[in-house]
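Colleague: structure for the following, please:
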Amino acid sequence: GVFANTDGFKNIKRLKGTFSGDLDNLYLYYGNQALPYQNNIKIESTMDISLDDYSFFVISYRGEETAQINSLEIIYDCGIVEKNKLPSVFIETDLNSKGNHLAINSHTTYTPSTVWIADENNPENSLVQNTAGVRIRGNSTAGQQKKPYRIKFDKKLSLFGLTKAKNWVLLADYMDGSGMHNWLAEDIASYTIGMKYVPSLHHVNLYINGDYNGLYCLCENPDEKEGRLDIDNESLSTNTNVEDISFYLEHSSSIKSWEKEGRDWFTLVDIEVSKTRMYKLKYPEIEDFEDYNVESDSSEAFSVYFDYLKELTSNIWTGISKKDYSYISSVFDKNSLFAYAIVDCITRENDHGWKSFKFIRDTDGLIHFGPCWDYDSCSFGHPYIGVFDKDPFSHYTSVNGSVYVSNGWLQASYTIPEYRTEFYPLLKHFLEDNYDAIMNNYHNELRNISDALVDNCNKWQNENISVVFENIRYVAAYMEKRCELLLKTLKNY
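Modeller: Numbering: from 1, shown residues only. Prediction:
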């Protein structure tokens, strides 16, 4: 269990207390953010210490038995600790005929809304009121209490200095007790070389119709548009050969009820392992053929192209299953293949074995992997449990140094000796060159959002601050142990 004063004290002078029980596993954490997880000391039966004007503390018990706080005295200066002010996103839905706000309750229909952003620390990031549609997005996360959302503005807008676009995403991260999985994974991806596009994530507080809705990550919708994947859609009107048309696919078995086989997705059967693999077509859709294709019958042209994509994907999978590295080098952009594998190997992402694994083919004719996406639940050693992990350190014994990836395309490549000969040194040097910077970014971002994590916990995690505290500690401990063990595995490369 964890005891925490989540309101904070201004300039704590001394802490005095007496404790009993299993003291070997009782620790005091202190610092100047609401969830001080870095500075810590072990607590004895009697404590009387100076905290050098720190503002927050947490007493954490890590054992299997019990520890008791018998008394606790706090000597501090009077005053209020000012919270870190994250940007706030405001959504106000239109009113119905009775004067009530419309609900955002559909996965397919956008609710008419007004959206604006307030950023006191960086006013240049603030956004005046703009009309937009808002709907629920996501797969398993869409069924949680805290919903993820997609915003579609009526016109292209730049948020946080990013390329203007209509479509943006609010990730709820409900199943991530730390609120940092997606943010950290994309930060790792930003250090790789070869990824065509890495989404930019910004932590924000979200308010819907005046009510606080929690801590979210605002980011670009990872689509084919300019400033994101930049897929050349002019290929639809300038090329009559299907082999020259760009595409964007996602390996995903998470199919929505309204998505139609033969139009939105197709299935391939891997006879060798008796496994069915499903692929969603993200771009081009049949509407894109209607917009760009010079053919008089765009539906027929789309059908021909769809069949071509299915055959092409099947041929590529057959090719990599034969463990022919020269073939892989001829159809894959290897830099993006290695970059994706680096991110998934470090995070031990498990969802990509069956969903959210994205790749494109653009004008160079090669398959480019990415963008990396969907790291909220099955990553950093966490299994899927359908909710935030109340005891993340129970999985800590499974952290190891295996060069592991869950996706079949990456696994098949990994079985080829020539691939490992190239990939292992890249992974080793990536960790040696970037680990410290990545973890420094992690610590800095947590300082920025620690107050918001407490507010989000009070809203969505039953005010159980130990859930958040143990998860942010766990991610830091996981990264340290995982990267240390990987470097031991790769020491001869």
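
Colleague: show the model's pLDDT score for the residue most central in space within the chain.
Modeller: Closest to where the C-alpha atoms of the chain average out (C-alpha atoms, centre = their mean) is Asn182, at 2.0 Å. Looking at Asn182, its pLDDT is 97.

Colleague: which strands or helices does the strand or helix carrying it pack on?
Modeller: Per DSSP states H and E: Asn182 is located in helix 181-190. With contacts taken as 3 or more C-beta pairs under 8 Å, 6 or more residues apart in numbering; DSSP states H and E, helix 181-190 sits against strand 201-208, strand 211-220, helix 334-347, helix 417-460, helix 465-489. For every residue, glycine as well, the C-beta is placed using N, CA and C.

Colleague: return the most buried member of these.
Modeller: helix 334-347 (a mean of 24; mean count of other C-beta atoms under 10 Å).

Colleague: in its sheet, what does the helix or strand following that one sit against?
Modeller: Proceeding N to C from helix 334-347, the next assigned helix or strand is strand 357-361, under DSSP H and E. Within its sheet, strand 357-361 is paired with strand 247-251 (antiparallel), strand 367-369 (antiparallel), according to DSSP bridges.

Colleague: contacting residues for the residue lying closest to Phe247 once chain neighbours are set aside?
Modeller: Computed as C-beta to C-beta, 6 or more residues apart in numbering, the closest residue to Phe247 that is not its neighbour in sequence is Arg361, at 5.4 Å. Taking C-beta atoms under 8 Å, 6 or more residues apart in numbering, we find Arg361 in contact with Ser246, Phe247, Ile367, His368.

Colleague: now a PyMOL select for only the buried ones of these.
Modeller: Buried residues among the contacts of Arg361 (16 or more other C-beta atoms under 10 Å), as a PyMOL selection:
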select buried, resi 246+247+367+368
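
Colleague: contacting residues for Arg135?
Modeller: Arg135 is in contact with Ile104, Ser106, His107, Thr108, Thr109, Tyr110, Thr111, Tyr149, Arg150, Lys152, counting by C-beta under 8 Å, 6+ apart.

Colleague: same deal with Ile367?
Modeller: The contact partners of Ile367, by C-beta under 8 Å, 6+ apart, come to Ile316, Val331, Phe332, Asp333, Phe359, Ile360, Arg361.

Colleague: just give me the closest of these to Phe306.
Modeller: Arg361 (14.5 Å; C-beta to C-beta).

Colleague: continuing past the lowest-mean-pLDDT helix or strand in the chain, what's the next helix or strand?
Modeller: Using mean pLDDT, DSSP states H and E, strand 2-4 stands out as the lowest-scoring helix or strand of the chain, at a mean of 53. Counting by DSSP H and E, the next helix or strand C-terminal to strand 2-4 is strand 10-21.

Colleague: mind listing what's buried along that next one?
Modeller: Across strand 10-21, burial judged by 16+ other C-beta under 10 Å covers Ile12, Leu15, Gly17, Phe19, Gly21.

Colleague: and the strands in the stretch 101-250 of the chain?
Modeller: Shown for the stretch 101-250 of the chain, the strands assigned by DSSP state E, counting those that start in this stretch span residues 111-118, 127-136, 149-157, 165-171, 201-208, 211-220, 247-251.
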